[in-house]
Every structure is written in structure tokens, then in C-alpha cells.
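1. What follows is a predicted structure for the sequence shown.
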Amino acid sequence: QVQLVESGGGLVQAGGSLRLSCAASGRTFSSYVVGWFRQAPGKGREFVAAVTYSGDSTYYTDSVRGRFTISRDNAKNTLYLQMNGLKPDDTAVYYCAADLTYNGGVPTVGYWGQGTQVTVFS
């Protein structure tokens, strides 16, 4: 069982930066692939980024590649998302996810955080 708590969201001007954090409880954090999803108003939840168990491999959706960086600190049971060059289209509720797998190209998530709002204004 893993509980996830996000922080770091807020209001930022376009071009600015934010760093999201996700604190995980439980001693099994390092055994999960973890990642970030987001949900914009009126849209479905979409994959943003993921990182494997030791942090060796990372994956990004095309719209954030080169601007966002996902990382994890297993000693601190914490997941991060550094977001640079933010755009109004990045406005969404960002969710931390653990036990992330892909089945036929469809992501499935074992555990979700409660979400943190990111609002980017121009």
C-alpha cells in the first residue's frame, strides 16, 4: 500500500518554472515505476512523465519533452517534476502515480495522489 501526497503547485506566468513534489508513504516506493499525469479543465487525464525503479530511464509525452524533468529520490520516498518554460496549455491538476504499467499502450495506475493545481497565465 502506498499513499501519495503532492505539493508545489501554484500560479505562474508563462515562461516560468515550478517544481512539483510527491511524498510517498510506505517502504515499497522504490519497487514501483512512478510518474505524473495531468487533467486540464474539460479534458481527460493524460500521461506526462514516468521514471523507472532506480531512476535510470525516463519517459515523457511529446508536449513536455525538453521542458519538464522527472526524477526520484528513493531514500526520501519522493518523486519530483521540474517544469520549466511553462505554457498556458500546461494548466491542469497534476497527479502523482505509483505502480504504473502499460498494457497494450494503455497506462494503468495502482495508486494516485490527490492532485495539485498548476495554473499558467500569459
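-> Alright, I've got the coordinates.

2. where does the helix or strand harbouring residue 111 sit relative to the chain's centre, distance-wise?
-> Using DSSP states H and E, residue 111 sits in strand 106-112. Distance, stretch centre to chain centre, for strand 106-112: 12 Å (C-alpha atoms, centre = their mean, to the nearest Å).

3. Neighbouring strands - and their directions - for it?
-> Strand pairing for strand 106-112, using DSSP bridges, gives strand 92-103 (antiparallel).

4. hey, what's the residue nearest the centre of the chain bridged with?
-> The centroid of the chain falls nearest to residue 36 when counting by C-alpha atoms, centre = their mean (2.1 Å). Beta-bridge pairing for residue 36 (DSSP bridges): residue 49, residue 96.

5. ok, so what distance separates it from residue 49?
-> The gap separating residue 36 from residue 49 is 5 Å, by C-beta to C-beta, to the nearest Å. Every C-beta, even on glycine, is put in place using the N, C-alpha and C of the backbone.

6. Quickly list what's touching both of those two.
-> Shared contacts of residue 36 and residue 49 (C-beta atoms under 8 Å, 6 or more residues apart in numbering): 70, 81.

7. What residues does the closest residue to residue 97 other than its chain neighbours make contact with?
-> Distances taken as C-beta to C-beta, 6 or more residues apart in numbering place residue 109 nearest to residue 97, at 4.3 Å, with adjacent residues excluded. Going by C-beta under 8 Å, 6+ apart, residue 109 touches 37, 97-100.
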